[in-house]
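structure for this input, please:
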Amino acid sequence: MKINVLGYVLSFAFLLLVGCKESVNLDTPSQIEVVTVDPLPSWNEGDTKSAIISYVEMVTLEGGEGFVPIEDRIATFDNDGNLWSEQPLYFQLIYAIEQIKKMAPDHPEWQTDQPFKAILDNDMEELLQQGEKGILEIVMASHAGMSDEEFQEQVISWLQTAKHPRFNQPYNAMVYQPMLELLDFLRDNGFKTFIVSGGGVDFMRVWVSEVYGIPTYQVVGSSIKKEFNYNEGKPTIRRSPALEFIDDKEGKPVGISKFIGKRPIFASGNSDGDLQMMQYTASNKYPSFMLYTHHTDADREWAYDRDSHIGKLDKGLDEALERGWTIIDMAKDWKTVYPFQLENE
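As a prediction, the model looks like this:
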């Protein structure tokens, strides 16, 4: 016996419609509520937020004049002072200082040699006067002589126990909630997000994946030299007390070219050390977006720019204003600063 399947389905559908006619008012037009999700809920409404969203809409609109192919949607972010705080000292430097104090009994010469003497005397003003060279000496001395695994274990242990002196929070909780949202927003729209920071690449790789959702292989930073040791059948990479690469200022575009291989269309930073990365991004053949974080909130974070020893923003601020780059006014543009502050709102 043959069954008319199509006729059976149509008949069944008709019965369903008839059976439901009392619950459907055909004279009343149906109302569909469209819910718009704010991709940047911790950002106040204003020019900065609008500029970011408009840019992302432009470069992702297929067929539009500003469309950028997904493989070219590269976004680079400085870390210190841009994705997490950097006051009163760079957090990696605070870690290095604690390590130097632990190592000091084995180095009596540090009692008289700078910059180590400044650390042992707790003279932070003198330490800052030592400049970049002094900071690098401290980092190299405290980070070398161990395997990658030993270094990772030390950093993990430090992050689990050390607390920020002002906020009494773990240092990896001192990240900016609005920037976490921005990272997610960009990735949701086909961007690959990279960290390009003057901080140590190995120090950042310990924790950035968990905190920022950025894979370790998408982190570009300063590095010290390493050596391979076969170690009687147990291959080991050991860290040497010599600098290999400084990922700051002119080093940032070089690092991007060397390790990423594509010019960014989106760059975000907070200091003069990021200026060359901004200039490099601005020269892209595609529409580009340069975003400077300006620390203007002394109550919820810090306020500093042109005269600061940490995160100085002087030439970068002038060029951003001159060229019309987007500047985050932290006090004005952010509803909240840190994730832990959300609990009190």
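
low pLDDT regions in this structure?
Across the chain, the ranges flagged by pLDDT under 70 are 1-34, 344-345.

what distance do you get for the most centrally placed residue in the chain to residue 196?
A centroid search over the chain (CA atoms, centre = their mean) returns residue 83, at 4.1 Å, as the residue closest to the centre. In this view, residue 83 and residue 196 are 11 Å apart by CB to CB, to the nearest Å. C-beta coordinates here come from the backbone N, C-alpha and C atoms, glycine included.

which residues do those two both contact?
Each of residue 77 lies in contact with both residue 83 and residue 196 under the rule CB atoms under 8 Å, 6 or more residues apart in numbering.

the closest residue in space to the residue nearest to the centre of the chain that isn't next to it in sequence and residue 70, how far apart?
Setting aside the residues directly before and after it, residue 83 is nearest to residue 179 in space (CB to CB, 6 or more residues apart in numbering), at 5.2 Å. As judged by CB to CB, residue 179 and residue 70 stand 22 Å apart.

and for residue 83?
Distance from residue 83 to residue 70, by CB to CB: 23 Å.

still on that earlier bit, quick one: contacts for the residue nearest to the centre of the chain?
77, 175, 176, 179, 195, 212.

likewise residue 250?
Per CB under 8 Å, 6+ apart, neighbours of residue 250: residue 276.

backbone phi and psi for it, please?
Per-residue torsions, residue 250: phi -60, psi -20 (degrees, to the nearest 10).

show me where the stretch 201-345 of the chain has strands.
219-229, 236-245, 266-269, 289-296, 303-304, 326-329 (DSSP state E, counting those that start in this stretch).

I'd assumed residue 75 was in a strand, is it?
Yes: assessed by DSSP: H, G, I helix; E, B strand; the rest coil, residue 75 belongs to a strand.

thought it was touching residue 190?
No: using CB atoms under 8 Å as the test, residue 75 is too far from residue 190 to be in contact (10.4 Å).

who has more neighbours out of those two?
residue 75 (23 against 15; other CB atoms under 10 Å).

of residue 179 and residue 70, which one has the most company?
Legend: neighbour count by other CB under 10 Å for residue 179 and residue 70, higher for residue 179 (23 against 13).

tell me which other helices or strands the helix or strand hosting the more buried one touches.
Under the criterion DSSP states H and E, the helix or strand holding residue 179 is helix 177-188. Applying 3 or more CB pairs under 8 Å, 6 or more residues apart in numbering; DSSP states H and E, we find helix 177-188 packed against helix 47-60, strand 74-77, strand 192-200, strand 266-269.

tell me the buried residues in the longest one?
For helix 47-60, the neighbour count (16 or more other CB atoms under 10 Å) marks 48, 49, 52, 55, 56, 59, 60 as buried.

swap in the third one?
Along strand 192-200, these residues count as buried under the neighbour rule (16+ other CB under 10 Å): 192, 193, 194, 195, 196, 197, 198, 199, 200.

which one of those is nearest residue 37?
When these are compared for distance to residue 37 (CB to CB), residue 193 wins out at 19.8 Å.

quick one: contacts for that closest one?
Per CB under 8 Å, 6+ apart, neighbours of residue 193: 75, 76, 77, 183, 186, 187, 212, 213, 214, 218.

filter those to the buried ones?
75, 76, 77, 183, 186, 212, 214, 218.

TSV please, covering those and showing distance to residue 138.
Below are the buried ones among the contacts of residue 193 laid out as TSV (distance: CB to CB, whole Å):
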residue	distance to residue 138
75	31
76	26
77	25
183	30
186	34
212	25
214	26
218	27
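
kindly export stretch 278-298 (C-alpha atoms) in CSV.
Taking C-alpha atoms only, stretch 278-298 is exported to CSV below (Å, rounded to 0.1, in the frame of the first residue of the first chain):
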residue,chain,number,x,y,z
MET,A,278,51.6,53.4,16.9
GLN,A,279,53.4,55.0,14.0
TYR,A,280,54.0,51.6,12.4
THR,A,281,50.3,50.7,12.7
ALA,A,282,49.2,54.1,11.3
SER,A,283,51.2,53.4,8.1
ASN,A,284,49.2,50.2,7.3
LYS,A,285,47.6,50.1,3.9
TYR,A,286,44.3,49.2,5.6
PRO,A,287,42.3,51.6,7.9
SER,A,288,44.1,51.6,11.2
PHE,A,289,43.2,52.5,14.8
MET,A,290,45.6,53.8,17.4
LEU,A,291,44.4,53.9,21.0
TYR,A,292,46.3,55.5,23.8
THR,A,293,45.4,54.9,27.5
HIS,A,294,45.8,58.2,29.4
HIS,A,295,46.0,57.7,33.2
THR,A,296,43.7,60.4,34.6
ASP,A,297,42.1,58.7,37.5
ALA,A,298,43.9,59.3,40.8
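
list the buried residues for it?
For stretch 278-298, using 16+ other CB under 10 Å, the buried residues are 278-282, 284, 286, 288-297.

and it, how far out from the chain's middle?
Once both centres are worked out by CA atoms, centre = their mean, to the nearest Å, stretch 278-298 turns out to sit 14 Å from its chain's centre.

next: stretch 222-233.
The answer for stretch 222-233 is 28 Å, by CA atoms, centre = their mean.

list the buried residues for it?
Applying 16+ other CB under 10 Å to stretch 222-233 flags 222, 223, 224, 226 as buried.

returning to that earlier point: pull the most distant pair out of the contacts of residue 193.
Longest span within the contacts of residue 193, CB to CB: 76 and 213, 15.3 Å.

contacts only, for the residue nearest to residue 107 when sequence neighbours are not counted.
Closest residue to residue 107 apart from its sequence neighbours, by CB to CB, 6+ apart: residue 116 at 7.3 Å. Going by CB under 8 Å, 6+ apart, residue 116 touches 100, 104, 107, 109, 110, 137, 138, 141.

alright, that wraps it up for me.
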